[in-house]
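Visitor: return a 3D structure for these sequence lines:
(2 chains)
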There are 2 protein chains.
Amino acid sequence: MNNPLPFNKVRIDDQFWGPRINMNAKHTVRSQHEQLVHTGRLPAFGLDWKPGTEPVPHTFWDSDVAKWVEGACYTTSVTPDAEIEAMVDEAVNLIVSAQQPDGYLNVFYTVVEPENRWTNLRDCHELYCAGHLIEAAVAHFRATGKRDFLDAMCRYADYIDSVFGTEPGKKRGYCGHPELELALVKLYEATDNERYLRMSEYFVEEHGQQPYYFDVEAIARGEEIPCAPSRYDYAQANVPVREQTIVAGHAVRAMYFYSGAADIAGIRQDSGLYAVLSRLLNQLVTKRMYVTGGIGSSASNEGFTTDYDLPNQTAYAETCAAIGLIFWCQRMLRYDLDTQYADVMERALFNGAISGISLSGDKYFYENPLESNGKHHRVDWFGCACCPSNVMRLIASLGGYVYSHTDTDAIVHLYVQSEAEIELGGTTIRLRQETSFPWEDSVALTVRCDQPAHFGLTLRIPGWCDDAAIKVNGNAIDAAVARKGYIRIEREWRNGDLVEMTLPMRAKRVYAHPEVSQDTGKVALQRGPIVYCLEETDNPTQRHRILLPDDTILASSYEEHLLGGVVTIKADALCTDDTGWDGTLYRNAPPSLNQCRIKAVPYYAWDNRAPGWMCVWVNRACE
Amino acid sequence: MNNPLPFNKVRIDDQFWGPRINMNAKHTVRSQHEQLVHTGRLPAFGLDWKPGTEPVPHTFWDSDVAKWVEGACYTTSVTPDAEIEAMVDEAVNLIVSAQQPDGYLNVFYTVVEPENRWTNLRDCHELYCAGHLIEAAVAHFRATGKRDFLDAMCRYADYIDSVFGTEPGKKRGYCGHPELELALVKLYEATDNERYLRMSEYFVEEHGQQPYYFDVEAIARGEEIPCAPSRYDYAQANVPVREQTIVAGHAVRAMYFYSGAADIAGIRQDSGLYAVLSRLLNQLVTKRMYVTGGIGSSASNEGFTTDYDLPNQTAYAETCAAIGLIFWCQRMLRYDLDTQYADVMERALFNGAISGISLSGDKYFYENPLESNGKHHRVDWFGCACCPSNVMRLIASLGGYVYSHTDTDAIVHLYVQSEAEIELGGTTIRLRQETSFPWEDSVALTVRCDQPAHFGLTLRIPGWCDDAAIKVNGNAIDAAVARKGYIRIEREWRNGDLVEMTLPMRAKRVYAHPEVSQDTGKVALQRGPIVYCLEETDNPTQRHRILLPDDTILASSYEEHLLGGVVTIKADALCTDDTGWDGTLYRNAPPSLNQCRIKAVPYYAWDNRAPGWMCVWVNRACE
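Guide: Predicted coordinates:
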């Protein structure tokens, strides 16, 4: 198993992510803090809510604050900022002060419904909030070295362990919204206390066991059971994880659950569980994923519907779900270096995840549809505000997705101009990566080491790239020897050794599987990992009147002053003509066609200019 | 102005309508009666409902019974049936017995909310029910010569006249669901009492006048005003009829309203009102009508949305709305013989109206979508049961849409094998029409008259027919002399004179205006007036996997034993292939294509076999 390089060992200084990371650290983290204060979420940890007063703390409020603390710790780890650090410490003190003598820590169930603690795990996010608090505590410890929050959360976890488990007298419960599973692994890794790993295993394995805990607790509440079958799927609790074959239900819950399970599979080197997860991810990626890496077709369950059902305008594709998919893929990569996971991770990262935040760093999409009639726009905040802090913590910790390592290998997953300090057994080497990815196709990697060092430099060749070229100190390497998309160059590396990669990224047409009815007769555009869309402001007519022939040239060019600097794609296309239709709604001749020129911009950057329609999938002009 | 020939002067004996009319008269009318008894609608006229008992009579129940009486009277006029006639008389006696001393007749406001009479015209269908009772009474009078129901309804109308009008002390109200307007014209025509025509004019003209009556009565109920603007559009009451420019709101309400207005325009020879209605109908037909003649895109308002918004799978296209469109077009034709009206009437009749009833004559569509995923099916009855009796009365009275006449002209609008007895001034002639329309393209009309008669025989050349040929006694007539699609042959006609028409009806592709986003890249099939659809049971793959090239031959053939005997259309098409997609959801090459053979059946006949998907619009294979 390889381990992601801690993101604070990576200094990113490129033109794509650098400005995002800076915006995130300087502006986003502050504006989100304002929202947490303004909406009452952070003050609620003061436990001074009184019945009859507004706002009433919500069951999921704790998680919003916790994810902000986590993300803020990530930003200050990379971009020190005394003001943010003080805000974090103040928030942490307030959070820890809300802990009860028995270790319990949950605002809602302390001040609003203290009598109902642990009575509705299915719906009420109680252990979900615990998970986010634990992730925050681990982040705080790693960023500051301070143990107070971490210790408090260990006490909370210990208390949870005393309540839940298979031992006699314990509740065999688990949360309707997975999250604690992966958080406990982080707590285990931060503390080396295997108790937390075993707790995570318990929660992962208990999902879907009979009798259903959601029924057990519903009976205890005096409710009728069973609840609708979809309610079990919704929380990945219809059957135990090892029997699951379809990624179904609520998309974010599914991603968090499988991420936690993947942690277990990796740490325990559990090939059986890994195989289950690999099949599940394959099913998801080959049948239920948007071309943007968005997942979850339907708003009604915030999740999955059926295979190949990928409506564009009504796509839910929650920002958090794309982020959760990145989490899962990263964990699968730890077990098995296979670019199919990295390809999905990259697809979601460069498209359906960062589409969730505006270029201004303070407006958010919850839903990331692939088509809009012009009425879908980012907003400042949400009543259910999971997405803003999620995208903030993702961007802040980006370095952790770029590299990983083993004792013998330095592994590069993503191409991002950066400098990384990598531990290989007892030796520390540095890698300097220079590139203008994702806009340009060349990458130069320079090894920095005080002494020659023998190790494998393992480089990903992205799945979208057919004809990668690699040279070591000017000598070509045969890229065909790559295994599952990763090419390993083992040698004695010397200071200044240079690896040059070319990953040609021509703009290409993308077609969907013929079973995807919503994309029949349509084509999308992609260049490297970037999926494109057409926006009203760049195009000559309505989206349904544009027809893109299969064979016109796709001309890419970098536009420095557009949308923070992007490569756009222009092409000759056709558009339908009104001529001869006066007073006719139907006729026996098809519309005649005119020439037009279309322009596509990266999907992630849409809705940052004049509001208008948008579409990823464009009608084809021919068969 | 021409007048429709009373349908009981037309004997239809063709292979298309004949079986429908028989099924309607023998089976449909009986099964609907059972439903009216079973659901409590008919017994409710006994006025013996007691508070606290179920079912509670609904505000629109009276109309369901009334439309059944009307339709049953039509069926017995054409197909005498003593049992039905006895059922009608029994129902009529019960209805009349419910009339109050002041002439009022409404079950709901007599037994459920007697204190609320005339307090909510906007929502509660009170005058709408009165309209249907009046239509029923006129039908009963015409079918039986009995005056009791007619006289009762005259008393009701007189009472309504005493309540509503512009005179001091009267309420300036009108119904939120138009219908009374056209019913009062029928009452006027049956009684020659111009009072009822003036009442109709009042209701037509009062719609949309300020202050809005819906506001006046809402204030009286103690409610806040104004209500949502869409609520006025919904009932065609946003502005007075003469200022209206867009057919909007609830589709059935709109059709009934404009039908009533067209009656007034025709009878009063009001060219201004006619011009308004002509523009409205043109706007509807050229911007908001499905190719099936269905209208009303949206379920949310059971009506219209915006120009060119014609979603197929979610089309509302209520059966009653298509029927209402037929009513309106027929009335426009009375004023001006223009085949644009007859074309729409024919389109709705042969497609979106009769699709509303199963071939078995006892299952109904309320909504008539143009695409189905296999889950939309006809049912026995509806809680809101307007459609079944509407389609029943339409089919029973079909003869009235085939012919009309003036003192000098016999006019043929539709081609249906039949025999008609037509009054021309003082002379009666008969026309014998022989045809296998809509499956075959030849029509033979033979004049029968005791003495030679000088008159114009005016024949419609359908808009879908480019190359009609007409011969009189073997001599060709130049079809190009037709005016607005009607060719008039004036001469001294002798017994046995033969007019032979050929109306070539090749299967043709139909394309929608390029602004109809839902039909972009799609094509429909039509042959003569019949619009076709693909059904799952006849086709080799899913509908989204079929691509029809623009140039393959459309082969029509009559299949005697299919769906009661229909012409089907077969064509070579392409279908997308899964080959090479294993494990791939997106790729850079489009799906490859295989040859396939598709088969289309008439839209009206869909969902009469194995349940499955259906689509009218098929993907095109090329530009």
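
Visitor: my read is residue A:237 is in a helix, agree?
Guide: No: counting by DSSP: H, G, I helix; E, B strand; the rest coil, residue A:237 is not found in a helix; it is coil.

Visitor: who's in contact with it?
Guide: By Cβ atoms under 8 Å, 6 or more residues apart in numbering or on different chains, the residues touching residue A:237 are A:174, A:176, A:207-208, A:212-214. Quick note: C-beta positions are derived from backbone N, CA and C, even for glycine.

Visitor: hmm, try it at 7 Å
Guide: Counting by Cβ atoms under 7 Å, 6 or more residues apart in numbering or on different chains, residue A:237 makes contact with A:207-208, A:212, A:214.

Visitor: near chain B, which residues of chain A?
Guide: Within chain A, the positions near chain B by Cβ under 7 Å from any Cβ of the partner chain are A:285-287, A:289, A:291, A:508-514, A:517, A:520-521, A:544-545, A:547, A:550, A:574, A:576, A:578, A:581, A:583-591, A:593, A:619, A:621-623.

Visitor: just the buried residues of the residues you listed.
Guide: Neighbour counting by 16 or more other Cβ atoms under 10 Å in any protein chain shown classes A:285-287, A:289, A:291, A:508-514, A:517, A:520-521, A:544-545, A:547, A:574, A:576, A:581, A:585-586, A:590-591, A:593, A:619, A:621, A:623 among the residues of chain A next to chain B as buried.

Visitor: now the helices for the stretch 151-300 of chain A?
Guide: Using DSSP state H, counting those that start in this stretch, the helices assigned to the stretch 151-300 of chain A run over residues A:180-191, A:194-206, A:213-220, A:229-234, A:251-267, A:271-287.

Visitor: need the winner for burial among these.
Guide: Among the helices of the stretch 151-300 of chain A, helix A:251-267 has the highest mean neighbour count (mean count of other Cβ atoms under 10 Å in any protein chain shown), at a mean of 27.

Visitor: just the CA atoms of that one, as CSV, please.
Guide: Output of helix A:251-267 as CSV, limited to C-alpha atoms (Å, rounded to 0.1, in the frame of the first residue of the first chain):
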residue,chain,number,x,y,z
ALA,A,251,-24.6,9.7,-3.5
VAL,A,252,-22.7,11.5,-0.8
ARG,A,253,-23.5,8.8,1.8
ALA,A,254,-22.4,6.2,-0.7
MET,A,255,-19.1,7.9,-1.4
TYR,A,256,-18.3,8.4,2.3
PHE,A,257,-19.2,4.9,3.1
TYR,A,258,-17.1,3.3,0.4
SER,A,259,-14.2,5.6,1.3
GLY,A,260,-14.3,4.3,4.8
ALA,A,261,-14.6,0.7,3.5
ALA,A,262,-11.6,1.3,1.2
ASP,A,263,-9.6,2.6,4.1
ILE,A,264,-10.3,-0.7,5.9
ALA,A,265,-9.5,-2.8,2.8
GLY,A,266,-6.2,-1.0,2.4
ILE,A,267,-5.0,-1.0,5.9
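
Visitor: got the angle between it and helix A:194-206?
Guide: On the basis of axes from the mean of the first three to the mean of the last three Cα atoms, to 10 degrees, helix A:251-267 is oriented at 130 degrees to helix A:194-206.

Visitor: show residues contacting stretch A:524-542.
Guide: With Cβ under 7 Å, 6+ apart, stretch A:524-542 has contacts from A:291-292, A:346-347, A:350-351, A:374, A:438, A:462, A:464, A:505-510, A:543, A:546, A:554, A:556, A:567, A:569, A:575, A:596, A:598-603, A:606, A:609-610, A:612-618.
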